[in-house]
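>>> Sequence and computational prediction follow.
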Amino acid sequence: MVGGDAGRFGIPGRPLRRNSFLVGFTGALGVLSAYAVYLGLRNAAGILVLVVIALFLAVGLHPAVVRLRSWGVPRGLAVATVTLTVLALLGAGVLALVPPIVTQSGQFLDQVPSYLDALRRNETVNDLVVRFDLTRRVQEAANADVVGRALGGVLGGAQLVFGTVFRVLTVLVLTIYFLVYFDRMRDLGYALVPGSRRERVQLIGDEILTKVGAYMVGALAIAVLAGATTFVFALVLGLPYPFALAVVVAVTDLIPQIGATLGAVIVSLVGFATDPSIGIACVVFFVVYQQIENYLIYPKIMRRSVHVNEVAALVAALLGVSLLGVIGALIAIPTVAAVQLILREVVLPRQDAR
């Protein structure tokens with residue numbers, strides 16, 4: 001039947017010759033395919049970034065799920081517990097930051113009339129207004145575009161808010177799915193590797209996942225400790241909005257290399273705005289605390305985590321910030337640790353064997 005079926009459709013011809021037209025046509029198809037893939041990746045870059053963020057969050061939260069499962073908690077309940085804990089922390093941070101921002105904005109708007117009166121009483125400002133006819137120009141601009149600009153500002157603000165909510169919900173849902181199906185996804189990835197190399201790839205992959213998870217858990221613990229210490233310090237000194245400042249310090253402390261200094265500068269500026277002596281106390285406190293964190297807390301917590309060269313960590317953090325912003329800085333160190341492990345276990349032994 002097979003031979004009869006083949007005869008029904010004729011005898012196969014000779015393979016196509018590799019002439020210049022065929023080679024050029026095939027090359028053009030390859031270029032077009034590559035360009036189509038590039039366009040697809042470029043158009044889906046925003047979603048791919050969200051997927052990467054969710055994947056790193058899942059890798060970082062997976063050790064907590066494993067720990068809960070070792071205590072006899074079912075997987076679904078363990079994932080729900082970890083997710084609700086993260087949501088509670090995020091909600092506490094938002095509740096701590098939003099009221100001060102709204103209050104400060106309202107106070108600024110209330111002071112705007114007094115600022116304008118002060119400007120009107122300034123002779124130099126009045127001379128500039130008269131010389132350049134600023135009043136007439138402002139009125140013309142307002143009459144021409146005030147409605148369109150106001151509408152554009154409202155729509156732009158609404159788009160920003162809804163876009164941010166959509167991204168947060170997308171990352172949250174993806175992270176939950178990754179946590180639920182983490183073991184299946186990992187096993188599927190290993191199954192795609194040839195059997196002769198699967199065991200070694202699995203060992204290296206598990207080591208990378210362990211190091212990435214340990215780093216993220218350790219970084220989160222250090223950030224929480226920094227925020228709690230700052231909260232107690234702010235309460236003792238009577239700084240305004242101590243919980244909000246603690247959240248700022250905790251969030252910035254997650255950024256490698258420069259995050260702790262950035263948080264210290266923000267709190268110190270608030271201290272100087274409150275009272276110069278309080279500002280000096282803030283500077284002294286953060287100088288002492290960062291030394292303790294760098295030489296005592298960080299090595300103790302990160303002992304089982306990644307060990308990355310300082311130069312590589314700095315370069316990775318800068319590249320991460322330029323590519324993905326703060327998120328890039330957060331995932332820079334685990335990425336470098338993974339690349340470092342692959343170089344040490346795979347690339348360098350092959351080079352030495354040649």
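Noted; the coordinates are in hand. Residues are numbered from 1 along each chain as shown.
>>> going forward, measure contacts between C-alpha atoms and count neighbours the same way
Noted.
>>> ok, now which ones touch the closest residue to residue 201 other than its chain neighbours?
Leaving aside its sequence neighbours, residue 201 sits nearest to residue 190 (Cα to Cα, 6 or more residues apart in numbering; 7.3 Å). Residues in contact with residue 190 (Cα atoms under 8 Å, 6 or more residues apart in numbering) are 198, 201-202.
>>> Is it possible to get a markdown table of those that adds neighbour count and pLDDT?
Output for those, formatted as a markdown table (neighbours: other Cα atoms under 10 Å; pLDDT from 0 to 100):
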| residue | neighbour count | pLDDT |
| --- | --- | --- |
| 198 | 15 | 84 |
| 201 | 18 | 85 |
| 202 | 17 | 87 |
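>>> Take those residues and keep only those in helices.
198, 201-202 (DSSP state H).
>>> Distance to residue 213 added to these, as JSON lines?
Below are the ones in helices among the contacts of residue 190 laid out as JSON lines (distance: Cα to Cα, whole Å):
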{"residue": "198", "distance to residue 213": "22"}
{"residue": "201", "distance to residue 213": "18"}
{"residue": "202", "distance to residue 213": "16"}
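>>> just curious, which of those is nearest to residue 80?
residue 202 (27.7 Å; Cα to Cα).
>>> Please report how far the closest one lies from residue 188.
11 Å (Cα to Cα, to the nearest Å).
>>> Same check on residue 275?
Distance, residue 275 to residue 188, using Cα to Cα: 59 Å.
>>> I'd like to know how many residues surround residue 250.
27 (other Cα atoms under 10 Å).
>>> mind checking the SS state of it?
helix (DSSP: H, G, I helix; E, B strand; the rest coil).
>>> which residues does it contact?
Residue 250 sits next to 223-227, 263 when contact means Cα under 8 Å, 6+ apart.
>>> quick one: which of those is nearest to residue 235?
Top of the list for closeness to residue 235, among these and by Cα to Cα, is residue 227 at 12.3 Å.
>>> State the pLDDT value of that closest one.
Here, the pLDDT recorded for residue 227 equals 88.
>>> chain center to whatever helix or strand residue 184 lives in, what's the gap?
Element membership for residue 184 (DSSP states H and E) is helix 182-191. Centre-to-centre, helix 182-191 and its host chain are 24 Å apart (Cα atoms, centre = their mean, to the nearest Å).
>>> Which positions within that helix qualify as buried?
182, 190 (16 or more other Cα atoms under 10 Å).
>>> now the helices for the stretch 51-200 of the chain?
With DSSP state H, counting those that start in this stretch as the criterion, the stretch 51-200 of the chain has helices at 75-120, 123-132, 134-180, 182-191, 195-237.
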